[in-house]
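K.L.:
here is my input; please provide its structure:
(one chain, ligands or ions: 1)
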Amino acid sequence: MALVLAHLQEHASPLALSLLLVLFVIAVRLATLRSRAEKLLNKLPSPPSRLPIIGHLHLVGALPHVSLRNLARRHGPDVMLLRLGAVPTLVVSSPAAAKTVLRTHDHVFASRPHSAVGDILFYGNTNVAFAPYGDYWRRTRKIAAIHLLTTSKVRSFRPAREHEVRLVLARMRDAAAASTAVDLSEVLSNYSNDVVCQAVLGRLPREEGRNKLFQELFKTNSKLLSGFNLDDYFPSLARLDMVRRVVCAKAVKQKKRWDELLDDLIDKHAGQAVTEEEADFIDVLLSVQDEYNLTRDNIKAILIDMFEAGTDTTYISLDYAMAELVRNPHAMAKLQDEVRSCKTKGKEFVTEDDLSGTSYLSAVMRETFRLHPSGSLLLPHFSTADCDVEGYTIPSGTRLLINAWALGRDTTCWGESAEEFMPERFLDEGLEAASDYQGNDFRFLPFGSGRRMCPGVTFATVTFKLIVANLIYHFNWELPQGLPDVDMTEVFGMDVHRKEKLLLVPRVAQDI
Ligand code: HEM
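P.N.:
Numbering: from 1, shown residues only. Next comes the predicted model:
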């Protein structure tokens with residue numbers, strides 16, 4: 001070292017020497033901070049079987065929400081540290097710890113970890129869901145919350161929702177007349193997508209093949225962003241140009257497809273004079289573009305969020321609800337009784353007004369969210385300062401996963417029947433009945449809680465209730481002959497969903 005310094009003193013210019021000194025001080029400072037963070041992290045409970053380089057990645061199976069729950073039971077029921085590749089990840093699995101990170105330290109954990117794939121797909125992570133916490137995120141979230149997702153805005157989409165439900169019912173009647181099974185997964189996915197499309201681009205005529213195109217785009221996005229990717233857990237590797245090119249090649253191709261679709265949609269809206277009532281979300285985004293200082297790419301990123309966050313989550317919840325109702329005839333019968341007695345006489349359709357007193361329908365929806373939260377691990381959060389959680393200091397720069405799926409099935413919170421579909425638990429007197437999904441009950445976080453909580457709760461819940469009520473009102477549902485039960489095998493991606501299609505035979509209800 002002394003020799004090197006002497007050599008440098010002799011041959012390097014004073015400017016070069018000063019620069020080297022600054023770099024040296026920065027390197028020492030970074031190493032000190034890192035070793036301090038390491039010391040703090042090492043105090044956290046963590047599974048012992050950590051391997052070189054990959055850390056605990058080998059313990060995360062095909063269904064991460066399940067393997068993380070099982071690991072937490074053994075190694076850290078409240079909080080547990082996993083080394084996922086090079087990234088320390090705090091896993092929260094109890095309501096108390098969830099409350100600490102999402103309420104007490106909400107502002108500390110309100111950011112998102114950087115995603116290399118998201119960087120490509122979402123135009124530099126400028127969508128709402130992946131944007132780091134800060135001014136840009138605040139602005140874009142405000143646009144979505146004020147212009148698309150307020151209660152009054154959601155109410156204004158009511159005719160569009162009812163129109164979509166009628167289309168579904170017509171298709172079900174045809175299937176019932178022919179006594180054929182329908183692929184209800186596909187029907188519900190198209191319905192959820194069409195309801196979102198009505199709000200986002202409702203002014204444009206519906207194009208043939210639109211649902212299929214969106215489904216393909218969502219499927220590939222989900223695969224690319226599933227949260228347990230090489231680039232997420234070896235960020236310095238992902239920064240290397242060669243690795244980046246290989247890992248991100250698919251994302252680049254996918255982004256081109258999104259570009260084609262979104263540019264076309266935006267072009268069809270640009271420069272058109274529309275009244276406030278006629279304006280859809282794309283019109284609104286274009287009209288506030290200057291005020292909110294948005295580029296065209298920012299607009300595209302926000303649009304992907306609305307299409308994707310709004311469609312898949314809702315469809316997955318609907319698919320699980322119908323699957324659980326068919327598997328639980330007692331719950332199905334109770335819901336049919338309720339819905340069939342609520343409809344205004346003389347009308348052929350259950351409207352949103354009819355649904356105000358339908359407590360069992362609300363209970364079915366909550367029970368579906370509890371057992372099958374489509375965002376089983378929410379979206380990853382990221383800390384921007386040190387803070388104390390359950391007696392441990394969590395250093396700034398820690399990735400956080402909250403296992404909402406595990407919370408919903410915790411027997412200490414939900415009793416021995418935690419794994420059963422039992423909507424009645426939300427009707428009984430007591431804690432469960434009082435429980436809501438608005439982020440205040442930390443045993444039950446299907447939409448998350450705090451600053452990053454889902455802004456689409458109202459949109460999603462009215463979309464959910466209207467279609468379920470009508471499907472249950474008009475039809476009785478059967479499994480196709482020879483199929484003994486609904487296959488509940490799950491697949492993990494951006495969202496957790498059932499692997500197999502939900503095939504059911506609708507029979508027109510005669511006794512209503
Ligand atoms: C049943 C349906 C839905 C479920 C279960 C759901 C669930 C979630 C969850 C778990 C998060 C992450 C929360 C966190 O990271 O802590 C989220 C975020 C988000 N959701 Fe939803 N969601 C649904 C419907 C919708 C709809 C209909 C929209 C819009 C049309 C929407 C837009 C968003 C956006 C923009 C975010 C990102 C929020 C942010 O990072 O600030 N969601 N959602």
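
K.L.:
can you show me the strands along this protein?
P.N.:
79-84, 87-92, 182-183, 381-382, 387-389, 392-394, 399-402, 475-478, 490-492, 496-498, 503-508 (DSSP state E).

K.L.:
reformat those strands as CSV; add mean pLDDT, distance to the ligand and mean neighbour count.
P.N.:
C-beta here means a position set from N, CA and C on the backbone, and glycine is covered the same way. Shown next, in CSV, are those (pLDDT from 0 to 100; distance: least, C-beta to the nearest ligand atom, whole Å; neighbours: other C-beta atoms under 10 Å):
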stretch, mean pLDDT, distance to the ligand, mean neighbour count
strand 79-84, 97, 17, 24
strand 87-92, 96, 11, 24
strand 182-183, 97, 20, 18
strand 381-382, 98, 6, 22
strand 387-389, 97, 16, 18
strand 392-394, 98, 17, 20
strand 399-402, 97, 7, 24
strand 475-478, 97, 21, 18
strand 490-492, 92, 14, 17
strand 496-498, 93, 10, 20
strand 503-508, 97, 20, 19
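
K.L.:
what about Ser13, distance to the ligand?
P.N.:
Using C-beta to the nearest ligand atom, to the nearest Å, one gets 49 Å for the distance from Ser13 to the ligand.

K.L.:
and the top helix by length along the chain, what's buried?
P.N.:
What stands out as the longest helix in the chain, according to DSSP state H, is helix 296-327. Residues of helix 296-327 classed as buried: 298-326 (neighbour count, 16 or more other C-beta atoms under 10 Å).

K.L.:
any idea how far that helix is from the chain center?
P.N.:
The chain centre lies 8 Å from the centre of helix 296-327; the measure is C-alpha atoms, centre = their mean, to the nearest Å.

K.L.:
what's the first-to-last distance across stretch 46-64?
P.N.:
One end of stretch 46-64 sits 16 Å from the other (C-alpha to C-alpha, to the nearest Å).

K.L.:
can you give the contact residues for it?
P.N.:
Stretch 46-64 is contacted by residues 67-68, 71, 74-76, 80-86, 227-228, 233, 376-377, 490, 492, 496 when judged by C-beta atoms under 8 Å, 6 or more residues apart in numbering.

K.L.:
now do that stretch, average pLDDT.
P.N.:
Mean pLDDT, stretch 46-64: 94.

K.L.:
contact residues of the stretch 351-500 of the chain facing the ligand?
P.N.:
Residues of the stretch 351-500 of the chain lying near the ligand by C-beta under 6 Å from any ligand atom: 374-375, 378-379, 446-448, 452-456, 459-460.

K.L.:
got the CA coordinates for stretch 265-281 in PDB?
P.N.:
What follows is stretch 265-281 as a C-alpha-only set of coordinates in PDB (Å, rounded to 0.1, in the frame of the first residue of the first chain):
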ATOM      1  CA  LEU A 265     -55.100   4.100 -28.300                       C
ATOM      2  CA  ILE A 266     -53.500   7.400 -27.400                       C
ATOM      3  CA  ASP A 267     -53.400   8.500 -31.100                       C
ATOM      4  CA  LYS A 268     -57.100   7.700 -31.400                       C
ATOM      5  CA  HIS A 269     -57.800  10.100 -28.500                       C
ATOM      6  CA  ALA A 270     -55.400  12.900 -29.200                       C
ATOM      7  CA  GLY A 271     -56.700  16.200 -30.500                       C
ATOM      8  CA  GLN A 272     -60.400  15.300 -30.000                       C
ATOM      9  CA  ALA A 273     -62.800  17.600 -28.300                       C
ATOM     10  CA  VAL A 274     -64.900  15.800 -25.800                       C
ATOM     11  CA  THR A 275     -67.300  16.900 -23.000                       C
ATOM     12  CA  GLU A 276     -66.500  16.000 -19.400                       C
ATOM     13  CA  GLU A 277     -69.200  13.400 -19.500                       C
ATOM     14  CA  GLU A 278     -67.800  11.700 -22.600                       C
ATOM     15  CA  ALA A 279     -64.200  11.800 -21.500                       C
ATOM     16  CA  ASP A 280     -62.600   8.400 -20.600                       C
ATOM     17  CA  PHE A 281     -59.400   8.000 -18.600                       C
END
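
K.L.:
I'd like the mean pLDDT over that stretch, please.
P.N.:
Mean pLDDT, stretch 265-281: 88.

K.L.:
right, is that stretch up against the ligand?
P.N.:
No: remark: stretch 265-281 sits outside contact range of the ligand, by C-beta under 6 Å from any ligand atom, the gap being at least 9.0 Å.

K.L.:
so what touches that stretch?
P.N.:
Stretch 265-281 is contacted from outside by 147-148, 198-204, 282-283, 286-287, 296, 299-300, 303, 306, using C-beta under 8 Å, 6+ apart.

K.L.:
wait, Leu102 sits on Phe442?
P.N.:
Yes: the pair Leu102 and Phe442 qualifies as a contact (C-beta atoms under 8 Å) at a distance of 7.3 Å.

K.L.:
neighbour count winner among those two?
P.N.:
Set Leu102 next to Phe442 and count neighbours by other C-beta atoms under 10 Å: Leu102 wins out with 25 against 22.

K.L.:
near the ligand too, which of the buried residues of helix 296-327?
P.N.:
Near the ligand, by the rule C-beta under 6 Å from any ligand atom, you find 305-306, 309-310, 313-314, 317 out of the buried residues of helix 296-327.

K.L.:
run through this protein and note the low-pLDDT ranges.
P.N.:
For the chain, residues meeting the criterion pLDDT under 70 lie at 1-12, 14-18, 20-34, 227-228, 243, 247, 431.

K.L.:
show me what Leu90 bridges to in the sheet.
P.N.:
Leu81, Leu400 (DSSP bridges).

K.L.:
any idea how far it is from Thr140?
P.N.:
Distance, Leu90 to Thr140, by C-beta to C-beta, to the nearest Å: 26 Å.

K.L.:
tell me which stretches of the stretch 151-300 of the chain form helices.
P.N.:
Taking DSSP state H, counting those that start in this stretch, the helices of the stretch 151-300 of the chain run over residues 151-156, 158-177, 184-201, 210-224, 230-233, 235-239, 241-269, 281-287, 296-327.

K.L.:
just send those helices back as TSV, with distance to Pro95 too.
P.N.:
Supplementary listing: the helices of the stretch 151-300 of the chain in TSV, determined by distance: least, C-beta to C-beta, whole Å:
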stretch	distance to Pro95
helix 151-156	28
helix 158-177	34
helix 184-201	29
helix 210-224	28
helix 230-233	27
helix 235-239	31
helix 241-269	36
helix 281-287	35
helix 296-327	21
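
K.L.:
distance of the residue of the stretch 151-300 of the chain found nearest the ligand from Gln254?
P.N.:
Nearest residue of the stretch 151-300 of the chain to the ligand, counting by C-beta to the nearest ligand atom: Val196, 5.8 Å away. Distance of Val196 to Gln254, given as C-beta to C-beta: 19 Å.

K.L.:
in terms of neighbours, single out the busier of those two.
P.N.:
Val196 (28 against 20).

K.L.:
ok, and the closest non-adjacent residue to that one?
P.N.:
Nearest residue to Val196 in three dimensions, chain neighbours excluded: Gly310, at 4.0 Å (C-beta to C-beta, 6 or more residues apart in numbering).

K.L.:
how many neighbours does Tyr133 have?
P.N.:
18.

K.L.:
and Phe109, how many neighbours does it have?
P.N.:
29.

K.L.:
give me the beta-bridge partners of the nearest residue to it once chain neighbours are set aside?
P.N.:
Nearest non-adjacent residue to Phe109, counting by C-beta to C-beta, 6+ apart: His381, 4.5 Å away. Counting by DSSP bridges, His381 is bridged to Leu400.

K.L.:
understood, closing this out.
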